[in-house]
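Participant: Could you look at this predicted model? Sequence included:
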Amino acid sequence: MITVNKQQTKDGLLVELVGAIEENVHLEQMIGPLKGSLIVNCKGVTRINSVGVKTWMKYFQGLKGQGIKFKFVECAYPIIEQLNMISNFSCGGEVESILLPYSCVKCQNEFVASCTTSELRASGLTVPAARCEKVDCAAQFDDDPEEYFYFLED
């Protein structure tokens, strides 16, 4: 099950998705009518199954068809995975930022750091350096950059 936290801003609606996007999710009902643009924070998405993908695509393709602008921020791994597997998963929305997984070399602490897609593209898809939150030592990217950033390649 997913929870949708909403906050109206001067530019439109900011929604935070928390949980799993599955067969019981009805985004159009949970998000409701829109006035202006939509910003979707995906950092809390823990899972998305095949029915959830269909629901996602239907909802966001519908918004695109209505001319509503939308973008995705802080995309967690389940969203990154779908962006890499389904060529039009963003349905024309901008993927503004993603979460990058890191692990500490010293204490094995695992954490994520947010990075904008524009920064990643400007760096030639080079993984940004990160410091461990617990012991302030070097951390390493905890995935294959070529696979993780595949959806960003032009």
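Facilitator: Noted; the coordinates are in hand. Numbers count the residues shown, from 1 in each chain.
Participant: Show me which strand runs longest in the protein.
Facilitator: strand 37-48 (DSSP state E).
Participant: Neighbouring strands - and their directions - for that strand?
Facilitator: Take DSSP bridges as the rule and strand 37-48 pairs in its sheet with strand 12-21 (parallel), strand 70-73 (parallel).
Participant: For it, buried residues please.
Facilitator: Across strand 37-48, burial judged by 16 or more other Cβ atoms under 10 Å covers 37, 38, 39, 40, 41, 42, 43, 45, 48. The C-beta positions use only the backbone N, C-alpha and C, and glycine is treated the same way.
Participant: same check, this time on stretch 117-124
Facilitator: 117, 120.
Participant: Just the C-alphas of that stretch, formatted as CSV.
Facilitator: C-alpha atoms of stretch 117-124 as CSV (Å, rounded to 0.1, in the frame of the first residue of the first chain):
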residue,chain,number,x,y,z
THR,A,117,20.3,14.6,-13.2
SER,A,118,21.7,17.9,-14.6
GLU,A,119,24.8,17.6,-12.4
LEU,A,120,25.2,13.9,-13.4
ARG,A,121,24.9,14.8,-17.1
ALA,A,122,27.3,17.7,-16.8
SER,A,123,29.9,15.4,-15.2
GLY,A,124,29.6,12.8,-17.9
